[in-house]
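Chemist: Structure here, sequence nowhere to be found:
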């Protein structure tokens, strides 16, 4: 499995993002969607990675460097593993790579929003040390959202 940087013009990335959008639109109302767009992958504050093999890109995730008033943080976005590849530790590998990048970039805090129906994701984040927190950034309290954060040691 090869670690790659996601590029918006890559048809494999476009197909993967469409797959993620279809799943999220089945689980949650479109109004609650604050996903990372393909165009945002080119922004200098975005680090988006994937794991690819002969089947294409089978897992992905991103960290977006942001400021909330005076707090620098990284937000995890688009963590996803294709159904046939789940249970193989790929989401953990993506997360560990993104957390390593955040540490090297001196981002002291990692935050994320996930859906309340995504119990496996919540369990993964908790196993990595994330704790529930209040909503942040442009998010609003929503019973379908779970907000979490992890302080990185500096």
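Modeler: Cool, the structure landed. Everything numeric in this text was worked out from a predicted model, so none of it was measured.
Chemist: Tell me which helix or strand residue 22 sits in.
Modeler: helix 11-27 (DSSP states H and E).
Chemist: Buried residues of that helix, list them for me.
Modeler: If you call a residue buried by 16 or more other Cβ atoms under 10 Å, then helix 11-27 has these buried ones: 12, 13, 16, 17, 20, 24. In short, each C-beta sits where N, CA and C put it, glycine included.
Chemist: Which elements pack onto the lengthiest strand in the chain?
Modeler: Secondary structure of the chain per DSSP state E: the longest strand is strand 56-68. Here strand 56-68 is seen to pack against helix 11-27, strand 46-53, strand 71-81, helix 90-104 when contacts are counted using 3 or more Cβ pairs under 8 Å, 6 or more residues apart in numbering; DSSP states H and E.
Chemist: in the second one, what counts as buried?
Modeler: If I follow you right, that is strand 46-53. Across strand 46-53, burial judged by 16+ other Cβ under 10 Å covers 46, 47, 48, 49, 50, 51, 52.
Chemist: And the residues you listed, which two are furthest apart?
Modeler: Largest separation among those by Cβ to Cβ: 46 and 52, giving 18.4 Å.
Chemist: quick one: least confident helix or strand in the chain?
Modeler: None of the helices or strands of the chain scores lower by mean pLDDT, DSSP states H and E than helix 11-27, at a mean of 90.
Chemist: Which elements pack onto it?
Modeler: Counting contacts by 3+ Cβ pairs under 8 Å, 6+ apart, helix 11-27 is packed against strand 46-53, strand 56-68, strand 71-81.
Chemist: Doesn't residue 137 lie inside a strand?
Modeler: No. Using DSSP: H, G, I helix; E, B strand; the rest coil, the assignment for residue 137 is coil, not a strand.
Chemist: Residue 80 versus the residue of the chain positioned farthest from its centre, what's the distance?
Modeler: Relative to the centre of the chain, the most outlying C-alpha is that of residue 54, 23.1 Å out, by Cα atoms, centre = their mean. From residue 54 across to residue 80, the span is 19 Å (Cβ to Cβ, to the nearest Å).
Chemist: Okay, and the beta partners of the most centrally placed residue in the chain?
Modeler: By Cα atoms, centre = their mean, the chain has its centre lying nearest to residue 77, at 2.6 Å. With beta bridges defined as DSSP bridges, residue 77 has these partners: residue 62.
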